[in-house]
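Trainee: model the following, please.
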Amino acid sequence: MDDVELGRFPAQRERPEPVKFAWPIMLLPELFATPRHLGLVLGYLASIGWEVFVPDLRAALGKGSTPPLERLRFNDLTALAGEALGGIGRDAVVLGHGVGGLVALKLSEHPRAKAGIAYAPLAPGFRTPLVSGTANRLAMLRGRPIKPPRGRILFELIADSDPFARDGLIDAMVPDSGAIAADVMTGKLEFAAPDKAAPRLVVAGDSDIFAPLPQTTKFADSLGAKLATIAGRGHWLIGGRALERAINETQRFLVRALGQDLLLLYPEEWKNDPRD
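Mentor: So this is what the prediction gives:
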């Protein structure tokens, strides 16, 4: 793994040998999460031949014209992610989890995006339990950062993660922008029509209390996005048993959506795999 710079953002890059796909993937995290929480996704994708970038967008907060965390809105986060995408210097697939998934879907409108993929995206207009609690409600009203969930809500969030990783995942969680959460919950997000964006995929667990399947299905339909549902899984699709299934859905979608251009670097035997 290399430490690289995507413009003004530090980033992790994993470049396997050989690279088997024509474009890299850029990963974006959920609320309260950091690049560390995407480590298993990065490793899995690299193991099957993807070059992967994970930018640290927080490194730019409060610098120059970039708002500090407490004033960061969804459109600001999208602009930062778009800047990082441009910093790769070539086209890429954007994949995000939760709010990061919403940003990935929005970036499907970016000229450098080949596809936008969202794992368990928070459904615009739904008051997700992820930011519940009196303290967080007051923080949002006062324009202050919100804190990661605790207790039962925290357990529900990481229930599908690998048991050995749970303590580390909890310790790595950080405060986040209440303004972004408010934008999502009030539905103040705009997405381009399907014909003005790259292909979109939404992967959802059917037991996700943070982004329930009915709301997620309606949202995916509004975007013209393909929806893939993972039975018996909740919000944490970036680890545990759900991860392999989510990546399998991603692979199938990208092969079908991008076709031979993606497959130029595939091993010959994969081109004829009937599963794809």
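
Trainee: the longest helix in this protein is where?
Mentor: Using DSSP state H, we find that the single longest helix of the chain is helix 240-258.

Trainee: same for the helix or strand following it, what does it pack against?
Mentor: Heading C-terminal from helix 240-258, the first helix or strand you meet, by DSSP states H and E, is helix 260-263. The contact analysis (3 or more Cβ pairs under 8 Å, 6 or more residues apart in numbering; DSSP states H and E) places helix 260-263 against helix 240-258. In short, each C-beta sits where N, CA and C put it, glycine included.

Trainee: which outside residues touch the helix it packs on?
Mentor: 40-41, 44-45, 48, 93, 95, 114-115, 117, 119, 160-162, 199, 201, 203, 205, 226, 228, 230, 233, 236-238, 262-263, 275-276 (Cβ atoms under 8 Å, 6 or more residues apart in numbering).

Trainee: for that helix, list the C-alpha coordinates in CSV.
Mentor: Output of helix 240-258 as CSV, limited to C-alpha atoms (Å, rounded to 0.1, in the frame of the first residue of the first chain):
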residue,chain,number,x,y,z
GLY,A,240,-18.1,-9.6,7.7
ARG,A,241,-20.1,-12.0,5.6
ALA,A,242,-21.9,-9.2,3.7
LEU,A,243,-18.7,-7.9,2.0
GLU,A,244,-18.0,-10.7,-0.4
ARG,A,245,-21.7,-10.7,-1.5
ALA,A,246,-21.6,-6.9,-1.9
ILE,A,247,-18.5,-7.0,-4.0
ASN,A,248,-19.9,-9.9,-6.1
GLU,A,249,-22.9,-7.7,-6.9
THR,A,250,-20.5,-4.8,-7.7
GLN,A,251,-18.5,-7.0,-10.1
ARG,A,252,-21.5,-8.2,-12.0
PHE,A,253,-22.9,-4.7,-12.3
LEU,A,254,-19.7,-3.2,-13.6
VAL,A,255,-19.1,-6.0,-16.1
ARG,A,256,-22.6,-5.5,-17.5
ALA,A,257,-22.6,-1.7,-17.4
LEU,A,258,-19.1,-1.0,-18.7
